[in-house]
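1. below is the structure, and that's it, no one-letter string:
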């Protein structure tokens, strides 16, 4: 009889603790400064040979986090993953006049990014800054 009374309590405890245990020891994307972004506009220039990308977060729920990352890292270099190719030392800026938007300056020979395309942006952690 005691087992029957204890079982609902045990099930409730496991249900409450499972999300906490599932994330134990994992590093989230927020901790690493990594976020998936979406291209709003892409413009190529011949002189200087550069591609300017205006972007925002790919998922609406990431809007506050991207805003925070852009405020913290504007003017710094970041890593950009476009498909299977990773580019490092890419300049990233926060567009102050466009809430929640960023600007990437890519070399002209970077993989093409068209309006609506997604890419992964990774900022260095604070301890990794030069």
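-> Good, I have the coordinates. Nothing here was measured: the structure is a model prediction, and the numbers come from that model.

2. only C-alpha atoms for contact and neighbour calcs from this point on.
-> Noted.

3. so which residue is dead centre in the chain?
-> Most central residue of the chain, judged by C-alpha distance to the mean C-alpha position with Cα atoms, centre = their mean, is residue 35 at 0.8 Å.

4. surely it and residue 118 touch.
-> No. With contact taken as Cα atoms under 8 Å, residue 35 and residue 118 are classed as non-touching, separated by 10.4 Å.

5. quick one on the thing from earlier: what pairs with the helix or strand harbouring the residue nearest to the centre of the chain, parallel or antiparallel?
-> Taking DSSP states H and E as the criterion, the element that holds residue 35 is strand 34-45. The sheet places strand 34-45 alongside strand 50-57 (antiparallel), strand 118-123 (antiparallel), with pairing taken from DSSP bridges.

6. ok now that strand, how far from the chain's centre?
-> Strand 34-45 has its average C-alpha position 12 Å from the chain's average C-alpha position, going by Cα atoms, centre = their mean, to the nearest Å.

7. who's the residue lying closest to residue 94 once chain neighbours are set aside bridged to?
-> By the measure of Cα to Cα, 6 or more residues apart in numbering, the closest residue to residue 94 outside its immediate chain neighbours is residue 102, 4.6 Å from it. Residues found in beta-bridge contact with residue 102 (criterion: DSSP bridges) are residue 55, residue 94.

8. list the contacts of residue 102.
-> For residue 102, the set of contacting residues under the criterion of Cα atoms under 8 Å, 6 or more residues apart in numbering consists of 54-56, 70, 92-95.

9. how does it look with 6 Å?
-> Residues in contact with residue 102 (Cα atoms under 6 Å, 6 or more residues apart in numbering) are 54-55, 93-95.

10. now swap in residue 42 and tell me
-> Residues 52-53 are the ones in contact with residue 42 under the rule Cα under 6 Å, 6+ apart.

11. go again with 10 Å.
-> 51-55, 103-105, 112-117 (Cα atoms under 10 Å, 6 or more residues apart in numbering).

12. cool, thanks, talk later.
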